[in-house]
Structures are given as structure tokens and as C-alpha cells.
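S.K.: Sequence first, then the predicted structure:
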Amino acid sequence: MTDQIFHDSATDRGHRAKWWTSRILIYGILLLWCFICLFPIYWTITTSFKMAPDVMKGNMVPWVDFTPKWLGWRSLGLSPDTIGNESTVRDEFLKRFYNSAVISVSASTLAVVLGSLAAYGLSRFSYRFGFMKNDDISFFFLSQLILPPVVLALPFLVLYKSLALLDTRIGLILLYTLTVLPIVIWIMRDQFGSIPTELEEAALVDGLSIWGAFLTIIMPIALPGMVAAFILSLVLTWNEYFFAALLTSTNAVTLPVMVASQTGSQGISWWSMAALSFAAILPLIVIGILLERFIIKGMAAGAIK
């Protein structure tokens, strides 16, 4: 009897040891991954408060390796001592910020609307276009992401010049909508596929039309996925640089182009670039924090039937 008790106690200790070991390993990996993901943001923030020698020496810890200064933010007219004064650079930043906001939000909204309609049709109805069926059509949309952007540079440049869309916000909105539309269709098709068709059948029996069932029954359920698709589209369009640099010059220049322009004959102004970069990504960080629950629901909904 004593041996049995001793054996059970040893077994319990072994289970507890394995449990604690697995938890330490899991949380250790998560903390390491969190550090890897957040370190670029930390580096950007600290660099915006560094002087030139601190940047070159690679000093990392404020008030330990270096004394923080407002050099980067002063160059943008956003430091406490310049925020109340007129600043050409700050006006330029606000203009580019406005361009990025209008273009990204408009393109993401349009992509979510069109992509949701296309994804709903592909998940609920059967189509045939030549030899292509629903799965082939879905793969065709997704395969457009394989095409390198540089291949489309000359065709879009010629097309936009003939249509007078160069250096216009509407030109970038249309292009960005086409760019993120395959991703939205891919996400939303899985989202709609996870919703039972019995809900729509019951709505049709109650007298609703297909559109009525979609708007009143399906859309509220699929809202987390739509928000997740919108945020992903917003991030991709907000950070897009290649087409923004190619198709704009003055009026429709966006923040990524302005960030890349922080170079001169004397080299790169790391402090100015860091301050501008953090000011550019701050809205995305705020949006991600505020809409975190929608992102998690949107990512998990496709795995639940």
C-alpha cells in the first residue's frame, strides 16, 4: 500500500514537472517571438530620439546608452517646441498622411464590398466559365498575387497616362483595390463557407430574398471576417511603395514615398526617417489594438464549422 502511494505521488510529481516544463517552453518561445516582432518598433522609436553619434554607435537603451533628444521630431515640426509654429515639413507630412488615409481606406472598403459579394457567390452558387468551375475561379483570383508588381509597371504607366490618372488619388484607389481584392475573396470565401446554409434556407422560407438573407442574416455573422479582411487590406495598401512611387509625383504622394525620400547628399537622416516612420505606423497600431477582437474572430471563424 505504501509503495502504491509512493508510486502515485511520484507519478503526480512527474506530470506536474512535465506541465511546468511545457508551459515554460511555450511561453519562452512566445516571449522570444514577441521580442523579435516588437524590436523593430522599439528601434524606430528610440532612433527618433537619438543624435547622429548615437545612431552610428548603435546605442539602444535611453538614459543609459544615450540621452533622448527631440532631433527627429523637430525636423518634422512635431516636437513640443515646434508644434505651435508654422512648419512646411509638418504641412507636407499632414498632406501625405491625408493622401495615405483617403487612398487606403477607400481602396480597402471598395475591396471588402466587391470581394465579399464575389466570395459569397463562389461559396453559395455553382459557376462554370469554360473549363473553370468555382475552385478554379477562386484559384485564378489568388494566382494574381504571384505576378510581380514590376511586370505591371509599364502597362499601368501607359494606361494611366492615357486616362489622365497619373498622380491622382483615384488612380491609386483603383489600383490598390485590384491589388488586395484576391486576398479579400480568399478570406471571405472561407468565412462564408463556415456559415451553415440552413440559415439562408430558413430566411427564404420566411419570405426574404437572396439579398435580404445576405444583408440581414449572413453579413452580421461574417462581420468579424470582413473587419479582419479590411484591416489586412488597410495594412497592405497603407505600406505600398512601388506603385505609389511610380504613379505619383506631387499631388497624390503617400507616406511610404515620403519616408523613402529622407535621404540627401550627406546620407540618410535616420532620426527623421525613424520619427516619420513611427508617425506613419502609429494609426495602424491603434486600429489593430481597438479592433483586436474582430481580427481574432475573423481568423478563427473559418476553422469552426
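M.R.: On my side now, so go ahead.

S.K.: Pretty sure Leu78 sits in a strand.
M.R.: No - under DSSP: H, G, I helix; E, B strand; the rest coil, Leu78 falls outside any strand and is assigned coil.

S.K.: so what's it up against?
M.R.: With contacts taken as CB atoms under 8 Å, 6 or more residues apart in numbering, Leu78 has the following neighbours: 90, 93, 275, 279. For glycine as for every other residue, the C-beta is placed from the backbone atoms N, C-alpha and C.

S.K.: 7 Å instead, please
M.R.: For Leu78, the contact set (CB atoms under 7 Å, 6 or more residues apart in numbering) comprises Arg90.

S.K.: Give me the pLDDT value at it.
M.R.: Looking at Leu78, its pLDDT reads 84.

S.K.: give the contact list for the residue nearest to the spatial centre of the chain.
M.R.: Centrality entry for the chain: nearest residue to the mean C-alpha point is Val235, 2.6 Å, by CA atoms, centre = their mean. For Val235, the contact set (CB under 7 Å, 6+ apart) comprises Leu284.

S.K.: Let's test this: mean pLDDT of the helix or strand where it lies, rounded?
M.R.: In this assignment (DSSP states H and E), Val235 forms part of helix 219-239. Averaging pLDDT along helix 219-239 yields 89.

S.K.: May I see the buried residues of that helix?
M.R.: Across helix 219-239, burial judged by 16 or more other CB atoms under 10 Å covers 222, 224-239.

S.K.: Can you show me the CA trace of it as PDB?
M.R.: The C-alpha coordinates for helix 219-239 follow below in PDB (Å, rounded to 0.1, in the frame of the first residue of the first chain):
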ATOM      1  CA  MET A 219     -23.400  39.800 -43.100                       C
ATOM      2  CA  PRO A 220     -23.800  40.200 -39.300                       C
ATOM      3  CA  ILE A 221     -22.300  36.700 -38.800                       C
ATOM      4  CA  ALA A 222     -19.500  37.400 -41.300                       C
ATOM      5  CA  LEU A 223     -18.700  40.800 -39.900                       C
ATOM      6  CA  PRO A 224     -15.600  39.800 -37.900                       C
ATOM      7  CA  GLY A 225     -14.100  38.200 -41.100                       C
ATOM      8  CA  MET A 226     -14.900  41.400 -43.100                       C
ATOM      9  CA  VAL A 227     -13.200  43.500 -40.400                       C
ATOM     10  CA  ALA A 228     -10.200  41.300 -40.500                       C
ATOM     11  CA  ALA A 229     -10.100  41.400 -44.300                       C
ATOM     12  CA  PHE A 230     -10.400  45.200 -44.100                       C
ATOM     13  CA  ILE A 231      -7.600  45.600 -41.700                       C
ATOM     14  CA  LEU A 232      -5.300  43.400 -43.700                       C
ATOM     15  CA  SER A 233      -6.200  45.300 -46.900                       C
ATOM     16  CA  LEU A 234      -5.600  48.600 -45.000                       C
ATOM     17  CA  VAL A 235      -2.100  47.500 -43.800                       C
ATOM     18  CA  LEU A 236      -1.100  46.300 -47.300                       C
ATOM     19  CA  THR A 237      -2.300  49.500 -49.100                       C
ATOM     20  CA  TRP A 238      -1.000  51.800 -46.400                       C
ATOM     21  CA  ASN A 239       2.500  50.400 -46.700                       C
END
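
S.K.: Mind jotting down where the strands sit in this structure?
M.R.: For the chain, applying DSSP state E gives strands covering 263-264, 267-268.

S.K.: which of those has the lowest average pLDDT?
M.R.: strand 263-264 (a mean of 66).

S.K.: and Trp270, what does it touch?
M.R.: When contacts are counted by CB under 7 Å, 6+ apart, Trp270 touches 47, 55.

S.K.: what about Arg189, how many residues close to it?
M.R.: 25 (other CB atoms under 10 Å).

S.K.: Is it correct that it is in contact with Gly121?
M.R.: No - taking contacts as CB atoms under 7 Å, Arg189 lies outside contact range of Gly121: 9.4 Å.

S.K.: Where does pLDDT dip in the stretch 151-300 of the chain?
M.R.: Applying pLDDT under 70 to the stretch 151-300 of the chain picks out residues 264-267, 294-300.

S.K.: Which residue ranges of the chain form helices?
M.R.: Counting by DSSP state H, the chain has helices at residues 2-47, 52-57, 71-75, 88-124, 134-143, 153-162, 169-193, 198-205, 210-213, 219-239, 242-247, 255-260, 270-290, 292-301.

S.K.: can you list contacts of the shortest one?
M.R.: The reference is to helix 210-213. The contact list for helix 210-213 (CB under 7 Å, 6+ apart) reads 200, 203-204.
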